[in-house]
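Asker: Quick one: sequence and predicted model below, then my questions.
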Amino acid sequence: MGMLYGAMMYVTNRVVASVPVYALRKAYYTNVMGISIGPGSWVAMNVWFDDRGKVTVGRNSFINMRCRLDGRGGIEIGDNVSISAETCILTADHDLQSADLAGRHAGVTIQDYVFIGTRALILPGVTLGRGSVVAAGAVVSRDVPEFTIVAGNPARHIGERNRDLTYEIDYAPWFL
């Protein structure tokens, strides 16, 4: 990582993320960081990005305060997704068996109508199927099928969600 890139990430995560007006943060995220944010979607204050670009947010989705989005391997977030505060989505790790601790990248896909509870951890390469729910504090290391509710560490199936989802997330706090 070069010095200029490091400075840009510092400004992104320490200055821009603290600006209390969403319109300004969104302008920076889309125009400088290359993040795609669909109409009606919001990224709250103090969300941390690990890379420029490589993050796509669909329509009417909400990413709450103090989340970490490690976009190095790519993150695709669908429509009407709710990501609760302090969720961590990782797309990179290290090969612990390699002699040089080589880095690895694997994207995360979050399909439409997914709900992720507070302080959940989503690990590299995971797909959260349409309408699935990740309980608060869960550690997700494997794909979650559509309309499945998971909880725990490691995350395990605990229930099924209603399949008739038609809501649109309409949470627009201008000063958050």
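Answerer: Thanks, I have the structure now.

Asker: contacts and neighbour counts: CA atoms only from here.
Answerer: Fine.

Asker: show me the biggest helix of the protein in terms of residues.
Answerer: In the chain, with assignment by DSSP state H, the single longest helix is helix 22-31.

Asker: mind listing what T30 touches?
Answerer: 36-37 (CA atoms under 8 Å, 6 or more residues apart in numbering).

Asker: What residues of the longest helix of the chain count as buried?
Answerer: Of all the residues in helix 22-31, those buried under the rule 16 or more other CA atoms under 10 Å are 22, 25-26, 28-29.

Asker: Using TSV, lay out the residues you listed together with distance to L123 and pLDDT.
Answerer: Shown next, in TSV, are the buried residues of helix 22-31 (distance: CA to CA, whole Å; pLDDT from 0 to 100):
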residue	distance to L123	pLDDT
Y22	28	93
R25	26	96
K26	26	96
Y28	27	98
Y29	23	98
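
Asker: possible to save the residues you listed as a markdown table with distance to I77?
Answerer: Compiled in a markdown table, the buried residues of helix 22-31 are given as follows (distance: CA to CA, whole Å):
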| residue | distance to I77 |
| --- | --- |
| Y22 | 19 |
| R25 | 18 |
| K26 | 16 |
| Y28 | 19 |
| Y29 | 15 |
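
Asker: Can you tell me which of the residues you listed comes closest to R14?
Answerer: R25 (12.0 Å; CA to CA).

Asker: In this structure that closest one contacts V15, no?
Answerer: No: with contact defined as CA atoms under 8 Å, R25 and V15 do not form a contacting pair (9.8 Å).

Asker: can you list residues touching both of the two?
Answerer: Applying CA under 8 Å, 6+ apart, one finds that no residue jointly contacts R25 and V15.

Asker: For the lowest-mean-pLDDT helix or strand in the chain, C-alpha coordinates in PDB please.
Answerer: Counting by mean pLDDT, DSSP states H and E, the weakest-scoring helix or strand in the chain turns out to be helix 3-10, with a mean of 94. This file holds the C-alpha atoms of helix 3-10, laid out as PDB (Å, rounded to 0.1, in the frame of the first residue of the first chain):
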ATOM      1  CA  MET A   3       1.600   6.400   1.100                       C
ATOM      2  CA  LEU A   4      -1.000   8.200  -1.000                       C
ATOM      3  CA  TYR A   5      -3.400   5.300  -0.800                       C
ATOM      4  CA  GLY A   6      -2.800   5.000   2.900                       C
ATOM      5  CA  ALA A   7      -3.600   8.700   3.400                       C
ATOM      6  CA  MET A   8      -6.800   8.300   1.400                       C
ATOM      7  CA  MET A   9      -7.900   5.400   3.500                       C
ATOM      8  CA  TYR A  10      -7.100   7.400   6.700                       C
END
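
Asker: which non-adjacent residue is nearest E160?
Answerer: T148 (4.7 Å; CA to CA, 6 or more residues apart in numbering).
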